[in-house]
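Asker: Provided below for reference: sequence and predicted model.
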Amino acid sequence: MNSLQTTLRSSVSFHGKGLHTGRAVRITVHPASAEYGIWFHRTDVEDRNPMIPARWEAVTNTDLNTRISNDDGVEVSTIEHLMAALAGCGIHNALIDIDGPEVPLLDGSSAPFVSAFMARGVRQLQAPVRAIRVLKPVSVQMGDAVATLYPAKELEIEFEIEFKDAAIGRQQKRLNMANGSFVRELCDSRTFCRKSDIDAMRERGLIVGASVTSAVVVDGNKVVTPGGMRHDDEPVRHKMLDALGDLALAGAPVLGRYVGQRAGHAMTNRLLRALFADPSAYEMVECDMAMAARLPGAGLKRADANRVAA
């Protein structure tokens, strides 16, 4: 028996400021039909095509966030936390209304999205889940940054980062994304930055909407953010969160082991482009129940939702 695609049971809205634009924005995530995938709809755009597919080939910028655009130049940026939440909750189809150019940052993690999605619940649709099974290693490199996909029976994410700031230092973590691990282990990990980089980024017109309550800010061996880190290794966990969100732009769940070393949005998108450029490196498979049990979002329980809400 094949596993079935899902969507939300009902619509849910969020509002806040964009990380980079600082602009107030409202989004509503709606249920969608089978085979729809994930699409963004710019409700504030009337003179051009307002629809943008959440797909790897629509990515047009990866400078400190992931931005997607359509052929008319209509774009949405900083989609990675929302995409990670959808993937981590096992939601395959959704229409996202958004009245501005950037997804709201909220608390800097995926937790607010996850909590709301799990409160709404998901429903099955009458179409089989298809996954992208990696058949051979695919790797991309740029300087010290490396991202690789290896064959595996489930989606595993392994990440390594290293910063001079002692508050971060060298961190490494590896997780299987099934059995609710994204929700329990990663979704509440916030974006982070070095205090020394903040002024430089703001001079470039970035992180206008950031604050020390919506990001982990470090300065040498100190964590500037009130309350400190949610996890001792919150930065590497957030990198893994970002990786899941960027991998979700493959258009289907990935069965493979992702390994990132000092990688980021650009490397993950390059990795997907390299994967799909080589037809011998992957295959599309319909998921039976055993295979679906190894996908992100599988194995979620009500107790997981309570933990996020807390």
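Answerer: Received it, and whenever you're ready, just let me know what you need.
Asker: bridging residues for the nearest residue to Ala263 once chain neighbours are set aside?
Answerer: In space, and not counting its chain neighbours, Ala263 is closest to Ala147: 4.3 Å by CB to CB, 6 or more residues apart in numbering. The C-beta positions use only the backbone N, C-alpha and C, and glycine is treated the same way. Residues found in beta-bridge contact with Ala147 (criterion: DSSP bridges) are Val140, Gly260.
Asker: and if you look at Phe14?
Answerer: In this structure, Phe14 has beta-bridge partners Ile27, where bridges are defined by DSSP bridges.
Asker: For it, give me its contacts.
Answerer: When contacts are counted by CB atoms under 8 Å, 6 or more residues apart in numbering, Phe14 touches Arg26, Ile27, Thr28, Val29, Pro104, Leu106, Pro112, Phe113, Ala116.
Asker: Can I get the buried part of those residues as one ChimeraX selection?
Answerer: Here is the ChimeraX command that selects the buried residues among these (16 or more other CB atoms under 10 Å):
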select :27,28,29,104,106,112,113,116
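Asker: Pick the one among the contacts of Phe14 closest to Asp188.
Answerer: Sorting the contacts of Phe14 by how near they are to Asp188, with CB to CB, puts Pro112 at the top with 9.4 Å.
Asker: I'd say the closest one and Val103 touch.
Answerer: No. Judged on CB atoms under 8 Å, Pro112 makes no contact with Val103 at a distance of 11.4 Å.
Asker: picking that back up, please convert the contacts of Phe14 to CSV, extending it with pLDDT.
Answerer: Conversion of the contacts of Phe14 to CSV gives the following (pLDDT from 0 to 100):
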residue, pLDDT
Arg26, 98
Ile27, 98
Thr28, 98
Val29, 98
Pro104, 95
Leu106, 94
Pro112, 97
Phe113, 98
Ala116, 97
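Asker: and which of the contacts of Phe14 is nearest Val259?
Answerer: For the contacts of Phe14, the nearest to Val259 is Phe113 (25.7 Å; CB to CB).
Asker: in which helix or strand would I find the closest one?
Answerer: Phe113 is located in helix 111-120, with elements delineated by DSSP states H and E.
Asker: List the contacts of the very next helix or strand once past that helix.
Answerer: Per DSSP H and E, helix 111-120 leads on to strand 122-128 as the next helix or strand towards the C-terminus. Residues external to strand 122-128 that are found in contact with it (CB under 8 Å, 6+ apart): 2-9, 31, 33-35, 89-93, 286-287.
Asker: Adjacent strands (with direction) for strand 122-128?
Answerer: For strand 122-128, the paired strands and their directions (DSSP bridges) are strand 4-8 (antiparallel).
Asker: Convert the strand it pairs with to CSV, retaining C-alpha atoms only.
Answerer: In CSV, the C-alpha atoms belonging to strand 4-8 read as follows (Å, rounded to 0.1, in the frame of the first residue of the first chain):
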residue,chain,number,x,y,z
LEU,A,4,-0.6,9.4,0.6
GLN,A,5,0.3,13.0,0.2
THR,A,6,-1.0,15.5,2.8
THR,A,7,-2.1,19.1,3.3
LEU,A,8,-3.2,21.2,6.2
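Asker: Give me the angle between it and helix 111-120.
Answerer: For strand 4-8 and helix 111-120, the angle between their directions (axes from the mean of the first three to the mean of the last three CA atoms, to 10 degrees) works out to 110 degrees.
Asker: outside of strand 4-8, which residues touch it?
Answerer: So strand 4-8 is contacted by 29-36, 90-94, 117, 120-129 (CB under 8 Å, 6+ apart).
Asker: Kindly write the PyMOL command that selects the buried subset of those.
Answerer: Only the buried entries of the contacts of strand 4-8 go into this PyMOL selection, using 16+ other CB under 10 Å:
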select buried, resi 29+30+31+32+34+36+90+91+92+93+94+117+120+122+125+127+128+129
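Asker: centroid residue for this structure?
Answerer: For the chain, the residue lying nearest the average C-alpha position, counting by CA atoms, centre = their mean, turns out to be Gly245 (1.8 Å).
Asker: Quick check: that one vs Ser110, distance?
Answerer: Taking CB to CB, to the nearest Å as the measure, Gly245 falls 8 Å from Ser110.
Asker: Can you add distance to Asp278 and give the contacts of Phe14 back as TSV?
Answerer: Shown next, in TSV, are the contacts of Phe14 (distance: CB to CB, whole Å):
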residue	distance to Asp278
Arg26	40
Ile27	35
Thr28	38
Val29	33
Pro104	37
Leu106	37
Pro112	37
Phe113	33
Ala116	38
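Asker: Among the contacts of Phe14, which one sits closest to Thr225?
Answerer: Closest to Thr225 out of these is Leu106 (15.2 Å), distances taken as CB to CB.
Asker: Spatially nearest residue to that closest one, not counting backbone neighbours?
Answerer: Pro112 (4.5 Å).
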